[in-house]
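K.L.:
okay, here's the prediction I keep looking at, along with the sequence it came from:
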Amino acid sequence: MNLLELQGVTVSFDGFLALNDLNLQLAPGELRAVIGPNGAGKTTFLDVITGKVKPTRGDVVFRGRSIVGRSEHHISRLGIGRKFQTPRVYQNLSPRRNLELAVRGPHGPAALLFGSLSSEQRDRVQHLLSVVGLERQAQQPAGGLSHGQKQWLEIAMLVAQDPELLLVDEPVAGLTDEETARTADLLKQLAGDHTVLVIEHDMEFIRDLQAPVTVLHEGHVLCEGSMDQVQNDPRVIEVYLGSETQEDAA
Amino acid sequence: MADLLSSRNLRRWLPWALIVLVALVLPVVLPPFRLNLLGRFLSLGIVALGVDLIWGYTGMLSLGQGIFFALGGYALAMYLQLNELKPGELPEFFSLYGVKSLPAFWQPFNSPLFTLVAIWVIPAVVAGLLGYLVFRNRIKGVYFSILTQAALLVFFNFFNGQQKLINGTNGLKTSTARIFGELIGSDAMQRNLFWLTVVITVAAFLLCRWLTHGRFGDALIAIRDDEPRLRFTGYNPTAYKTVVFAVAGALAGISGALYTVQSGIVSPQYMAVPFSIEMVIWVAVGGRGTLIGALLGAVLINYAKSLVSEALPETWLFIQGGLFLLVVLVLPDGLVGWWRQGGPGRLIAMVGWPPRTATYPALDLDPQVVAEQDQLERSGGGQG
Amino acid sequence: MRKTSLRLLGGATALATSLTLVACSGGDKAGGDFDGEVKVGILHSRSGTMAISENTVAEAELMAIDEINAKGGITIDGKKLKIVPVEEDGASDWPTFAEKATKLIDQDKVAVVFGGWTSASRKAMLPVFEAKDHFLFYPIQYEGQECSKNIFYSGAAPNQQAEPAVDWLLQNKGKDFFLVGSDYVYPRTANTIMREQLKANGGKVVGEDYLPLGNTEVAPIIAKIKQAMPKGGVIVNTLNGDSNVAFFKQMKAAGITPANGYSIMSFSIAEEEIAAIGPEYLEGTYAAWNFFQSLDTPASKEFTKNFKAKYGDKRVTSDPAEAAYMMVYLWAAAAEKANSVDDNKVREALIGVSFDAPEGKVTVMPNHHVEKRVLIGEVQKDGMFKILEDKGFVKPVAWNQYVPETKGYTCDWTQDRPDAGKYKM
Amino acid sequence: MDLLYDTLFNGLAIGSVLVLAALGLAVVFGLMGVINMAHGELMMLGAYTTFVVQNIFKAVLPEALFPIYILVALPLAFVVSGLAGLLLEKTVIRRLYGRPLETLLATWGVSLILQQFVRSVSSAFAIGLVVAVVAGILVPRFTPKVWWQQRWTPLLGTGSWIVTGLVGVVIASVLGEQRVFDQPWFSARNIDVTAPVWLRGSIDVGVVNMPAARLFIIALTVVALLLVNWFLQKSVWGMRIRAVTQNRTMSDCLGIPTEKVDALTFLIGSGLAGVAGVAVTLLGSVGPNLGGNYIVDCFMVVVLGGVGKLAGTVLAALGIGILSYVVGSGSLLLVWPAMPEGLNAVITFFATTSMAKVLVFALIVVFLQIRPAGLFPQKGRMVEA
C-alpha cells in the first residue's frame, strides 16, 4: 500500500491552475526527488499535502485516509513533517529549545505546561544537536546562526519530529559543496526508516541522492523515472533541461 | 564604575532590588494618598503582566484589555453594592431609574464566593471566547488589534448605555461600601488593600514566570516568531493563543478588581479606547518580553502621569505621545531591555570610559562569548 | 540609524520642554499684605472631551478668587487670609476626579473643593467627600435626586430649570414632546422627571432617544423625530458636548427648525456653546437658565465686563460660569460668617448665606442648593439670548415631586436627624 | 416605499461619510500595510484648515465670495493634511516598514501629540517651536565637523536638541508674557465652522427630503472615489504604486523610486483624510477630539471591506451605514408593526444610536467568522508569507 497518494489534485487560484490533475504515489521507505522549473507548482504541491492549501478538486490520501480539509497541525501529527524553502527556525529561541519544541511527543498546551521532557526526548535532542554540529551554539538565540547552520537546524527539527513522511523543500540552497554532500548523506540515511520527498533545483545533489525523480510542469506530472531516464526524456528537455544544461555547463 | 555598571550580575538584580524597595520601604515613608496611588499602580502592573504575556511573548497586540479589566472591577463592585444591604433593599442608584427589583444577573453577586471566582473567571471566559473566535480564523497582526479595539467599543457602549442594568456612565462606587464592617475607603482598609495588592502582584508575577519559563513559554515565543512553522510541527497555535489570551484576561480582571476597590469606583471609562492602548505603552516602556519590565513600566508611567498631571496637565499628552515614539523608534526593548543589553555601559562608553575588558578587546563584548559565559555561570549555579 | 533616532528623541524632548514652559508662563502675580493663606481646590477637566466646557468654569472660579484676594482676601479672626487655588485636572475621566479629590483633601489639605461638571464626575467624587467628611461645591445645573451633606449645589435643581421650562413649553408651544439626550445620567434622569411632569400636566412624550457622548451620527434620531412629529412639536434637548453641534447642524439641514413649527428647548446650550456651534444653527431655539449674559442688571454687566477684561474680548459669560463664580463668593462669605475655614463650621454657616450674584441675590437653602432666578430665553442672531420670561427667584427642590419614588421626600440639613438628607415630609 | 427611500438615502448619507473618512486609510493600509492611528487627527487638521479658510473669507474677502469658501478649503485641506502626512512618513513611518504593530503604536503617539498641539498652539508656542526645530537642525552646520564623528556624538546630538528645545521654551515663555502671543489659536474649545447657506438647507428629491450637506458629501465621495481610482489605475505614479505594492524588491530593481512611491502613497492617503475633515465640518463639531470620533468606525470599514479592492471599502461603508441607520432608527418596527413580542423587544432594545453601534460591531465580528479577510481579500500566495 502506498503511504501517500495524490489523486487528481487540482488547485486553482482565481482561475490560475497552480496544480492541474496531479497524481503521485509514494511507497513507504521511499526516497523521491521532485524537480520542475519555476512556477511548476512545487511549493503548492507541498502546501496541499501539509494542509496549507485546500485542493479545488481531487484527494490526498495518507496511510489510506483522506487528509483533505484537515488543519496543518493535525496533518503534522499524523506523521508528515515539512522543511521550508528558506530556513525557518524560531529566531529568539536557542537551537536546543527549537529542537525541544519540535521533538515528538504530546503538543497540547497542558502537556507543555504540566509535563516535562522524558529522558529519551532529552537524549534525542542532545543527539541531534551533535549530529548537526550545533552543540556549541546550543544556548544562544538561533537568529544568530549562519545560513547553513539554520538549514541544518531545521532539518534536525524535522528529524526530531520523527515523521513517517518528510517533505524537504530545497534543503541545500545556499549551502557549500561540503555541506551539500553531508545533507545528501543524511537524507539517504533517513530513507528506509522514513519516507522522504525532496524538492531541489540542484541536479548534482539529486544525482547524489540516487533516487527516482518526478518532474512537475505547469502543475502536472510530466514524467517519472531515474535521473538518467528523466534527463533523456525529450519532453523534459524541451520544458526544462534546456536551461539546465546551460547551468551544468556553467 | 563602568565595570560595575556593565556587570551582568548587577543588570540582573537591580530591577529586582527596585521592586523590593518599592514594596517594603515606600509603605512606611509614603502618606496614605501616595500609598494608595502606589497600590493602584501595582494593580495596574498585573494587567500589564497580561499584556506582556500576549504581546511581549506571543506577539498579539490586544487593544481591548480594558474589557477584562472592567469586567473584573464590575464583578467586585456589584458584590460590594449588594453587601450589607438589608433584605429587599436595592443599591441606591436603581431608584433613579425606577427599577423595582434586582436584575437577574445581579443575583449571584450576593455570594462572596461566587464573586471571588467571577472576578477572574468571567474575564477569562469572555477573553477565551473572543480569542477563540478570532484565532480560529487565523486573524492576527493588526487585524487582531483592530478587532479587539472594536470589541472594546462594543462593551464600552453597552455598559455606558445601560443605566437600568449597571448604572451606565456613572459606574459603581465602592468606597462607601463596607466589608467586614469596615469602610472600604478608610485609611486602614486601604493599607490592607495595598498589602493584598503586593501579595497578588507577586503571585501573578510568579504565575507568568511559570508560564513563560518552560516549553509553554517557548511555544509562545515560537508563535510570535513564526506561527505557521509551529503549525507544521504539529502544534495548534489557536489553543495556545486562546489559553494565553484567557490568562491575560483573568489577570486583567484581577487587576481591575484591585484597582476598583482602591480607586473607589468602576465605570465604563475603564473601557475607553486610550486606556487600553496606554496599557501597551507601560509594557513597551518597561520592556516587552520581560515580566519585570511590564511591572516597572506600569508603576513608573502611572506615577509620572500622576505627577505631571498635578503640575502641568496640558503637557501630559505630549509626553505620552513622545513616549510612544520613543519606545518604538529608539528603545524597542524598553528600559529593562536596554539595561540588560548593557545600555548604561554603552552610554558611559560614549562619554569616554571604554568598558574595561579582561581579554582581547572585542571578546568580552561578543554576544556569543557572553552567552556562553552566561551558560557556564548558570550551570555552575546548579540550575542546569 | 541610531544617531537619527537619538536626534528624534531630542526633538521630542525639545517639544515637551517647550510646552512645559508655555504652560508655566501663566502664574499668579498677586501680591499685597496677607496674614496667611487658605488653600482651596479647583478640580475640573483641563484635558480631554470635557475641557471644552470646564475650562470656562475653572476660569470663572479663579476670577472670583482673584477678585476676593484683590479686596484683601477673607478675614478670619481679624487676620487677612489669601485664597490660594490648588488646581487639579480631572482629565474628563470620572475615576480621575475621585483620585484628584482625594489628593486635594489628603495631600493639599484644602478647605473646600470647587469642581466637577458632569454628573458622573460628581457621583464619582461624592463617596470620597463622604468618606472623608469633607465638602465639594458643584456649579452645574443637574438632575437633582441627590442631597448630600458633603456637597453644595450652586447650579439649578430640576425645578429651577427643566420643570419651569417644560411648563412654559406646555403653555406656549404644544403638548407633543420628543426628548433627546446624551447617554448618561443627567439626560436620563432629567427625562424621567419630565416624563412624569408631562404625564401629570397633560403633555405627551412621543419619542425619546439617546446618543453616546461624543457621537455625531444623528441621522437616526432625526428620522425618528420626523416620524414621531411630522408636523412639528416640541423637542427637549439634553445633549451634551460635541453631539450638539452635529445635532443642530443636521436638524437645520433636515428642516427641523423653528420656522417649520418645531420648538427646540435645550438645557445644555449656553452662550459659550452657541459660539462654538454657530448662532445660525440655533437662532430661534430656546434655553432655560438662571443667568444670561444679556441679563440687564448692573451686577450682570459688571461680571461680564470683568470676565472679558480678564480672559479676552471675544469670550462670553454663561450660566455655568456665573454659578461657578458665585459659589466662590458664597464660600468666602460663609467662612467669614463662621470665622473659620474649618470645613464643618463653614458648612453649617453656609446655610442662609446670601450673595449679590450677577443673576441677583442668591441664598443657600437648608438643602444645600441655592435659591436662583429662573429665566427662559431665545437665541438671537448675535449668539445672545432674548429673555422671554423671568419667573423670578425659585426655591430649590432636591427630591423631585413628580417622580413617584421621591414624591413627598425632602432634605433639610438644619434638622437634627440621621436621615436629614432624605425624609418624608 | 417612502420608508425604503428614506432608509436608503440616510444609509447612503451615513455610509458616504464613512467611505470618505476611510478612503485614505484604506489606500494607505491596502497599499502599504501601514495602520495609521493618526488618520483621525489628519482629518482634524483638514477641519481646522476649513475653519481658517472660513475666517479668512469672513475677514478679508468680499461677502459675496463666502459661499465658495468650502470649495477653496477642499484642496487646501488636502495639501495641509497631505504635507502633515508626508512629514509623518519621512520622520516616523519610514523607519517602521514591515512592523505594523509598532507603526500602530507610533502613529497613536503622533495622534496624541497632534490633539494636544491644536489645543495648546499659540503664537508664542509656534514661534518657540519653530526656533527650537530650526536651531536644532542648524547646530550640526555651525559646529566643527569632527564633533560629529566622535563616540559621544549621539549624546551631543541629543544634548543639542535639549539645549535648542530649552531656547525655544525660553523664547515661548518670554513671548507668552505678551497677551497677543499668549492667546491660543484654537484652544481646547470646539470651533465654529459655519456651512455656507447653500449647504444648510435641504432639497426635495421625489418623496425624500435630502439635506444639501448630505448630498454634497455624497457627491464629494463619488468624485474622490473616481479620482483615486483613476489615479491608481491610469496614471504613471498610480501604476508605480501598484507595482511596489505587489513586489517591492522587483520594483526597486526596475528603477522605480520606492521611497518616493511610499511617500506619495502616504501623502495621498493623508490628503484624503484632510478632504474628509472638510466634509465632516458640515455635519458635526470641530474640535481636538474630532479624530477619535471617526477612527474606530474607519477601521471597521477597512477590516470589513478587506484590503484587496476599493470596492470593498465602499461596500463595507455603505453596509455599515445602512445597518446603523436601520437598527438605530428602529425602522424595522415601522415596516412590520405586528412582529412577535420577543423580537419586538430585542429590536427596541437596540433601537438607539448607542445600542445600534453595539449590534453593528457585533455583527462585524460575526461576519469575519465567515470571511476572515473581509469582503475583498487580497489573494495569491504572498498573503501568508
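P.N.:
Here it is on my side, so go on.
K.L.:
and the residue of chain A found nearest chain C, how close does it get to A:Pro87?
P.N.:
At 18.6 Å from chain C, A:Gly143 is the closest residue in chain A, using CB to the nearest CB. All C-beta spots, glycine's among them, are computed from the backbone N, C-alpha and C. Per CB to CB, to the nearest Å, A:Gly143 is found 11 Å from A:Pro87.
K.L.:
more crowded one of those two?
P.N.:
More crowded of A:Gly143 and A:Pro87, by other CB atoms under 10 Å in any protein chain shown: A:Pro87, with 22 against 13.
K.L.:
work out for me the element the residue of the stretch 51-200 of chain C found nearest chain A sits within.
P.N.:
Closest to chain A within the stretch 51-200 of chain C is C:Pro95: 35.5 Å, counting by CB to the nearest CB. Per DSSP states H and E, C:Pro95 falls inside helix C:94-102.
K.L.:
count of neighbours near A:Phe114?
P.N.:
A:Phe114 - counted by other CB under 10 Å - has 10 other residues nearby.
K.L.:
same question, the one 4 residues further on
P.N.:
For A:Ser118, the count of nearby residues is 11 (other CB under 10 Å).
K.L.:
ok, the nearest residue to it once chain neighbours are set aside - contacts?
P.N.:
Computed as CB to CB, 6 or more residues apart in numbering or on different chains, the closest residue to A:Ser118 that is not its neighbour in sequence is A:Gly105, at 7.4 Å. By CB atoms under 8 Å, 6 or more residues apart in numbering or on different chains, A:Gly105 lies in contact with A:111, A:117-118, A:121.
K.L.:
give me the common contacts of A:Gly143 and A:Pro87.
P.N.:
Counting by CB under 8 Å, 6+ apart, no residue touches both A:Gly143 and A:Pro87.
K.L.:
just for chain A, where's the confidence low?
P.N.:
A:240-250 (pLDDT under 70).
K.L.:
return the residues of it in contact with chain D.
P.N.:
Within chain A, the positions near chain D by CB under 8 Å from any CB of the partner chain are A:13-14, A:43-44, A:52.
K.L.:
could you redo the last one with a cut-off of 10 Å?
P.N.:
A:13-14, A:16, A:18, A:43-44, A:47, A:52-53, A:86 (CB under 10 Å from any CB of the partner chain).
K.L.:
where do the strands of the stretch 51-200 of chain C begin and end?
P.N.:
Counting by DSSP state E, counting those that start in this stretch, the stretch 51-200 of chain C has strands at residues C:74-76, C:79-89, C:113-115, C:136-138, C:151-153, C:176-182.
K.L.:
most distant residue from the middle of chain A?
P.N.:
A:Phe114 (31.7 Å; CA atoms, centre = their mean).
K.L.:
what sits against that one?
P.N.:
For A:Phe114, the contact set (CB atoms under 10 Å, 6 or more residues apart in numbering or on different chains) comprises A:108, B:214, B:216.
K.L.:
phi, psi of the second one?
P.N.:
Note on B:Gly214: backbone dihedrals following degrees, to the nearest 10 are phi -140, psi -160.
K.L.:
tell me, how many residues neighbour it?
P.N.:
By other CB under 10 Å, neighbour count at B:Gly214 equals 17.
K.L.:
how far away is it from chain A?
P.N.:
Distance of B:Gly214 to chain A, computed by CB to the nearest CB, to the nearest Å: 7 Å.
K.L.:
state the pLDDT value of that residue.
P.N.:
As predicted, B:Gly214 sits at a pLDDT of 87.
K.L.:
no more questions from me, cheers.
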